[in-house]
Every structure is written in structure tokens, then in C-alpha cells.
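*Asks:* coords please:
(chains A, B, C and D)
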Protein chains: 2
Amino acid sequence: MVEAAQVTGIGDRGHEVGPPELRRAIELLFFAYRDFTGEADQLLERYGFGRAHHRVIYFVGRHPGVSVSGLLDILKITKQGLSPVLSQLVRDGFVIARPDRADRRRRRLFLTEEAQALERVLTARQSARLAAAFAEAGPDAASGFTQVLEAIIAPEVRHRVALAFPDPMEGSPRP
Amino acid sequence: MVEAAQVTGIGDRGHEVGPPELRRAIELLFFAYRDFTGEADQLLERYGFGRAHHRVIYFVGRHPGVSVSGLLDILKITKQGLSPVLSQLVRDGFVIARPDRADRRRRRLFLTEEAQALERVLTARQSARLAAAFAEAGPDAASGFTQVLEAIIAPEVRHRVALAFPDPMEGSPRP
DNA sequence: ATTATATGTCAAGGATGCTGACGTAATTGC
DNA sequence: GCAATTACGTCAGCATCCTTGACATATAAT
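*Replies:* Residues are numbered from 1 along each chain as shown, chains lettered A, B, ... in the order given. This is a model prediction of the structure:
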């Protein structure tokens, strides 16, 4: 096939393997995600933060009082991987960790006001980009977009995603 | 606000910052992309490859005869970043680089048969996951999904995405 | 009292990038 | 023909983010 590609050469589309619309969707997801996540980096740099810090700030902001292990469950990384990032955020005054009253082994994490302000700006930027895309594609497309994303997510992970309307149980201590 | 979060404590949703559906979409994109890309990793490990190798295999497969700089343009990384990955793929017999006939400074990249087979399996896995999500969400949602992804992508990058139908100009030498 | 849990830390390493500098071969422009 | 440019490679150094493994400490549960 390599020889064939060289012989037929120019204009060869490579081996066709599946429905073009699926192949196209795979690529769209790659490019879209890359462009989308690149949005916030410039602002984070000013604070000496990277993507990992962004994720922590975001999810602690969404789940105030989450425990360290709860955060690890969401992020699906190891505590050794989280450690330097979380330490820096605490050291720099962006995250506050206080022991849970009922179980003092657990540290509940909260954003400081400065971190909340940063998170608002970061989320606002990404929201603006999404809103522009939704406006361009139309409300039905926007609805389909979230439906498909939800279907892509592994069933056991879906419950972690924020609900469209506030979750009354959010932040409650584990049994 | 941190104190407020601790006082109101349990059940607090954190600071509400924007439309819930946009916040929800941001999270969906995060979880969906993570689950989606994790799909192929297990298979790649058997070859001693990572995501970077996957990207090279994928795009060389989609653009047979692409030059090194062409690949760098697609991936948006530096040649120093690509170098170890591409070298390993050539060394392991997954990518063949031959000088362009008209301009022998340029190396045109092709996949070997083994690499094509691997790429087919990898893409088939991801296609299957996408197809399942499309089936679950319905054809209209699938259409909206790709429309929104395309709208998210920066305009100057959109032309890089595969077309739904083969591009007759693909692989042609630069003027 | 023993065991289990939540967390932290030290060590070592891998994957994937970056910038900067330099070199070589080939092509292009004058 | 010669200089500048282009395509590519490589070496050095560094950063980010993540891993596994081992061990320590405090608290809670039994």
C-alpha cells in the first residue's frame, strides 16, 4: 500500500477505512478540543499556572468543599500527580483546605475570592467561545452537540457532569 | 465567599457565573474528550507508542506523502517536539520517509502496511464509539455535533479537517 | 488494640512538549 | 555563479504533567 500510494501518488486519499462522516468527526473533535483548551492558557500563564491548575480551580469552584480524594476521582489522576499542583495553589492563596468537622482526616477544599475571580474569567472566556459556536450552528445543533457528548462519556462517569439545573445534593458529605 | 461557602456549606453550588448549559457543555467536552482519547491508548501501549505517535500515524495515514513541515503545521508542534516521535516510528518500521522527486530537501512521509493496519484498528475503535453515541443521540444530534465542533475550530484551521467526501487535491505538491 | 482510611511525601522516571543554537543539503533569486 | 532561503536534523537544556512504588502520619472504625 505504501508503494501503491507512491505510484498512484499524488491525489491518493490513503486507505479508506470507515464512513467519512465518522472520520471527519474524529478530526473535528481533535481540532476543536485543541483550539478550545488553548483559549485559557494565556491568562493562566500570568499566574504561573498550567492546565492542571485550571482543572483544579474549575472543579473546586464547581464543588466547594470537595475532598482531596473526591477531586482525584473527578480528575482521574494520582495523588502524587495532584500534589505539586494543589500545593502550589494553596501556597499561592488560591485554594483553602480545612479539615472536615466530622472526619478530620479529610480536607475540604475551597477557592479563595481571588481564585473565584480567576475561575469566572476563565470560564467566561470558554463560555463565550462556546456561545459563539452555538449561535453560529443554531440551537438545535447546540442541543445535539451536548447530547452526543453525553453519549460519548462512559456511563459510570456521566453522573459527574454538572446538571443543567443546580443539584440539591451537591457538596453533601459522604455517608 | 469562601467563608460563605463554609457557612452555607453543604449544598452550596459555588458561585454561579454563567448560563448553566454553557458550563455543562464545558464539562461535557472535558469528560467526553478524555474518555474518547483514552480508547486507543491500551492498544498503542503494546507497540510502545503514546498519543503523539497516534497523531502522527493518523495524519500521515490521512495525508500520504505529507512533508515534515506539513505535518508540523497540522499538529502545531515544533520540529524538535516531533523529532523523537517521528524517528521512533521510522526506526520501528511504521513510517517511511522518502525525498520528494522535484525538491529533494523535502521528505514525504508514508505509512507502512503494518502502520496502516494499526491505524485502521485505532480509527475503527474510535469510530465505533462515535457511531454508538450518534445512534444513541439520533441523526439530528449527530449533525448538530459536527456543526458545533466546526464552529468551535478557529477559522484558519478549519480547512485542515477532512472533508465528508474525498478531496481531489489532497497530496498534491505545493506550487 | 488492630485495622482501615485519608492524606502527604520522597524518589525515580516517562511522555510530551518548549526555546535556542547550530549544521547540512538543496533550491531559489539575483 | 553566488548568496540567501528553505527543509530538515540534532544537541542541549528545561518545563509540565503524569506515573509507580514505598513509606509516614493522623484519624476513624471495628
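
*Asks:* Do you know the pLDDT at A:Glu16?
*Replies:* The per-residue pLDDT reported for A:Glu16 equals 62.

*Asks:* same deal with A:Glu27?
*Replies:* Reported pLDDT at A:Glu27 in the predicted model: 96.

*Asks:* Also A:Arg13?
*Replies:* Looking at A:Arg13, its pLDDT stands at 56.

*Asks:* Any buried residues in the helix or strand where A:Ile96 lies, and which?
*Replies:* In this assignment (DSSP states H and E), A:Ile96 forms part of strand A:95-99. Along strand A:95-99, these residues count as buried under the neighbour rule (16 or more other C-beta atoms under 10 Å in any protein chain shown): A:95-97. Glycine gets a C-beta too; all of them are placed from N, C-alpha and C.

*Asks:* Distance from the chain centre to it, please.
*Replies:* A distance of 22 Å separates the C-alpha centroid of strand A:95-99 from that of its chain, computed with C-alpha atoms, centre = their mean, to the nearest Å.

*Asks:* which among the buried residues of strand A:95-99 are in contact with DNA strand D?
*Replies:* Residues of those in contact with DNA strand D (C-beta under 7 Å from any atom of the strand): none.

*Asks:* Redo those as a markdown table? Include pLDDT and distance to A:Arg125.
*Replies:* Shown next, in a markdown table, are those (pLDDT from 0 to 100; distance: C-beta to C-beta, whole Å):
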| residue | pLDDT | distance to A:Arg125 |
| --- | --- | --- |
| A:Val95 | 98 | 21 |
| A:Ile96 | 98 | 25 |
| A:Ala97 | 97 | 27 |
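
*Asks:* After the lowest-mean-pLDDT helix or strand in chain A, which helix or strand is next?
*Replies:* Confidence across the helices and strands of chain A bottoms out at helix A:2-8, with a mean of 33, counting by mean pLDDT, DSSP states H and E. Where DSSP H and E defines the elements, the next helix or strand beyond helix A:2-8 is helix A:20-45.

*Asks:* mind listing what the nearest residue to A:Thr37 once chain neighbours are set aside touches?
*Replies:* Closest residue to A:Thr37 in three dimensions, ignoring its sequence neighbours and counting by C-beta to C-beta, 6 or more residues apart in numbering or on different chains: A:Arg51, at 6.9 Å. The contact partners of A:Arg51, by C-beta atoms under 8 Å, 6 or more residues apart in numbering or on different chains, come to A:37, A:41, A:44.

*Asks:* Tally up the residues packed near the first one, please.
*Replies:* Burial of A:Thr37 is recorded as 15 neighbouring residues (other C-beta atoms under 10 Å in any protein chain shown).

*Asks:* packing partners for the host helix or strand of A:Ala151?
*Replies:* Under DSSP H and E, the secondary-structure element containing A:Ala151 is helix A:139-152. When contacts are defined as 3 or more C-beta pairs under 8 Å, 6 or more residues apart in numbering or on different chains; DSSP states H and E, helix A:139-152 packs onto helix A:113-137, helix B:20-45, helix B:113-137, helix B:139-152.
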